[in-house]
Each structure stands twice: as C-alpha cells, then as structure tokens.
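*Asks:* this one's structure only:
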Ligand code: HMG
Ligand code: MG
C-alpha cells in the first residue's frame with residue numbers, strides 16, 4: 001500500500017456530536033469545524049438538517065453552517081433526510097449533501113421513521129433537485145454488518161441498497177458499521193460484494209469502534225482496495241438510534257496507521273491530535289489512543 005493516497009472524511013462535527021447528551025454551544029461546534037479544516041482535511045461533515053425532535057443536538061444546523069469560515073479546498077457536506085432538509089441546507093448555501101438509509105428495515109424505521117423502500121422514494125426529489133442545482137450527493141448505508149434490532153444483516157441487502165443509492169445518482173456510497181460489530185474478514189467480504197456492482201473508487205467505509213475492531217476492519221478493506229475512510233476526531237460519536245454503540249474510529253488513530261503504512265492523506269497528525277485534545281476537553285470525553293500518546297496525556 002505504499003505511495004498510496006487515502007481521503008479522510010471527517011464526520012466528528014456531525015456523527016461525533018449528534019449523540020452528546022448535553023447541548024453543546026453553537027460556537028464550540030463552529031470552532032471544531034474551523035479547527036478541523038485547518039489540519040489539511042478535504043472533507044468535514046458539518047451538521048444535519050434533520051427534524052429537531054429526532055436529533056436535538058443538531059437543531060442549530062443553520063447557525064453552525066453559516067458560522068464557519070469555509071476554506072476553498074475543504075468540502076462541508078451536511079446530512080439531509082428529505083426534501084425539507086435539502087431546502088434548508090440550500091438556503092444557507094450547502095453544495096454537498098448526504099442522504100442516509102440502512103440495510104436493515106428495523107433500524108431504518110427507528111432512525112428515519114420509514115421503510116427502506118420509502119426512504120429511497122423520499123430521496124428521489126432530493127436527487128432531482130441536487131442534479132438541477134449541481135449539488136454533490138453522498139449516500140450512506142447503515143447497519144452493513146449488523147443491526148441493533150434485527151441482528152444479522154444479509155450482505156445481499158447491503159448490495160441492493162447501495163446499488164439503489166448509486167443508481168439514483170449518489171457520487172459516493174459510504175458503508176456504515178453503525179454499531180461496530182464487524183470483524184475484518186466479514187467487513188472485507190461485504191465491501192467486495194458491494195464492489196461487484198459499484199466501482200471501488202466510489203466506495204467509503206465508516207466504522208464505529210464499539211468492539212475495538214475499526215482499525216483492523218479498515219486495514220482489511222484497504223487491502224481490498226477502498227481509499228475513502230470516514231472517521232471522527234477523538235473518536236467522538238454514536239447514534240441515538242443505536243444504543244450502546246460507541247463513537248467512530250478516531251481520526252488520529254487512522255492517521256497514525258496510514259502514516260506508518262506510508263499512505264498519503266494530506267492531513268497533519270499532530271494538528272489533528274491537538275484538535276482532538278481540545279474537543280475532548282470541551283466535552284469531557286477521553287482522548288484518542290494516538291492523541292494520548294502523542295501529547296502525553298491521560
Ligand atoms: P417523521 O416524523 O416521519 O417526519 O420523521 P414527518 O415528515 O412526518 O415530519 C414530522 C415533523 O418534522 C414535521 O413538523 C416536519 O415539518 C418536521 P410539524 O409539522 O410536526 O411541526 N420535519 C423537519 N424539520 C426540519 N428538518 C427536516 C424535517 N423533516 C421533517 N428535514 C425524519 C422523519 C426523517 C424527518 C426524522 O426521523 C429525522 O429527522 N430523522 C433523522 C435521524 C438522524 O439524523 N439520525 C442520525 C443520522 S444517521 C447515522 O448516524 C448513521 C451514519 O453515521 C452511518 C452509520 O454509522 O451507519 C450516517
Ligand atoms: Mg455513523
């Protein structure tokens with residue numbers, strides 16, 4: 001994997017913060033995004049334009065999005081669940097969005113209150129508007145390696161849903177192990193099955209680290225060819241509709257592994273560790289393993 005390049009999609013300000021139990025002040029969210037943008041990242045997922053009762057923490061999406069100091073070289077995608085969310089996002093100038101559904105009916109029902117088929121129908125007007133507006137759309141498939149409600153998830157269902165999103169016009173498909181139950185061989189097999197219908201360079205992997213498997217899963221998926229990795233500074237995160245699941249894999253830990261492999265990311269690990277140190281302090285959360293070691297923190 002030497003002389004290779006990976007794109008990190010930093011999801012901390014969205015996936016990382018959406019599950020925090022107390023209301024984080026809007027200026028802290030804005031500062032987090034601006035600090036992350038300064039580390040060399042090319043993508044910082046900023047917030048979600050979802051229904052406030054579903055995710056109260058991100059009810060300040062407009063204020064966050066308009067408060068950041070955007071850099072030309074950084075994309076700031078936002079999650080939208082429906083056309084209402086899309087119009088809100090466009091109103092404040094978002095040019096990159098993400099739609100999200102799941103490979104499990106039970107999870108989808110709780111997360112976005114509809115079936116998989118209905119979610120795809122809901123996205124149709126979003127995709128149509130995005131195409132007309134020149135907006136880039138990422139598609140998320142959740143629960144690709146297991147569901148908190150139904151348990152096992154059929155790989156064929158992951159492939160079907162990923163393909164539907166891709167054929168609907170999503171430029172990139174992120175495969176989410178929402179509850180972090182995956183292990184390397186299963187993760188790789190799932191990715192390879194999806195890569196039979198979608199080009200590998202349009203796929204991303206999104207691992208939560210509940211069982212400490214995320215880095216191993218990423219490595220296994222990189223061996224299969226994936227080069228886009230979602231991660232969250234300080235390993236922040238979780239989903240309110242996936243109780244017990246911990247945060248995303250920590251960006252600092254991913255960078256440390258990629259630096260060791262000689263894989264380029266364009267992101268400054270030391271700078272990322274300082275952002276992780278700062279936000280962990282703000283939220284009273286633990287540092288990443290790499291952050292602790294580099295900054296000699298406990
Ligand atoms: P619903 O209740 O079925 O929606 O929720 P509805 O269309 O019936 O509307 C109900 C109310 O919400 C109405 O207001 C709408 O106007 C309002 P009322 O008339 O009652 O006053 N509403 C909205 N308000 C603001 N923005 C909107 C919006 N849409 C409706 N966009 C809905 C369905 C999808 C809206 C809701 O369930 C929702 O917002 N869910 C979001 C859940 C979420 O964000 N989950 C976390 C992200 S997914 C994730 O973390 C996984 C991922 O990281 C990958 C992985 O790890 O696997 C991506
Ligand atoms: Mg997630």
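*Replies:* Now that the structure is in, tell me what you want to look at. All values derive from a computational prediction rather than experimental measurement. Ligands and ions are numbered 1, 2, ... in the order given.

*Asks:* sec struct for residue 169, please.
*Replies:* Secondary structure state of residue 169, per DSSP: H, G, I helix; E, B strand; the rest coil, is coil.

*Asks:* now do the residue of the stretch 101-250 of the chain at minimum distance from ligand 1 against residue 124, distance only.
*Replies:* Closest contact between the stretch 101-250 of the chain and ligand 1, by CB to the nearest ligand atom, is at residue 176 (2.4 Å). Every C-beta, even on glycine, is put in place using the N, C-alpha and C of the backbone. Here the criterion is CB to CB, to the nearest Å. By it, residue 176 lies 22 Å from residue 124.

*Asks:* residue 107 too?
*Replies:* Distance of residue 107 to residue 124, given as CB to CB: 21 Å.

*Asks:* kindly report the same for residue 11.
*Replies:* Relative to residue 124, and taking CB to CB, residue 11 is found at 25 Å.

*Asks:* packing partners for the helix or strand encompassing residue 174?
*Replies:* In the assignment (DSSP states H and E), residue 174 maps to strand 172-177. Counting contacts by 3 or more CB pairs under 8 Å, 6 or more residues apart in numbering; DSSP states H and E, strand 172-177 packs against strand 136-142, helix 155-167, helix 184-195, strand 203-207, strand 228-231.

*Asks:* one step back: what's across from the residue of the stretch 101-250 of the chain closest to ligand 1 in the sheet?
*Replies:* Note on residue 176: beta-bridge partners residue 206, judged by DSSP bridges.

*Asks:* isn't it right up against residue 146?
*Replies:* No: Residue 176 is beyond contact range of residue 146, at 10.9 Å (criterion: CB atoms under 8 Å).

*Asks:* follow-up on the earlier one: quick one: which of residue 11 and residue 124 has more around it?
*Replies:* Higher neighbour count among residue 11 and residue 124: residue 11, with 30 against 12, using other CB atoms under 10 Å.

*Asks:* okay, now residue 15: neighbour count?
*Replies:* When neighbours are counted by other CB under 10 Å, residue 15 comes out with 26.

*Asks:* what of residue 199?
*Replies:* 9.

*Asks:* could you pull up phi and psi at it?
*Replies:* For residue 199, the backbone dihedrals (degrees, to the nearest 10) come out as phi -60, psi 140.

*Asks:* residues in contact with residue 270?
*Replies:* Taking CB atoms under 8 Å, 6 or more residues apart in numbering, we find residue 270 in contact with residue 294.
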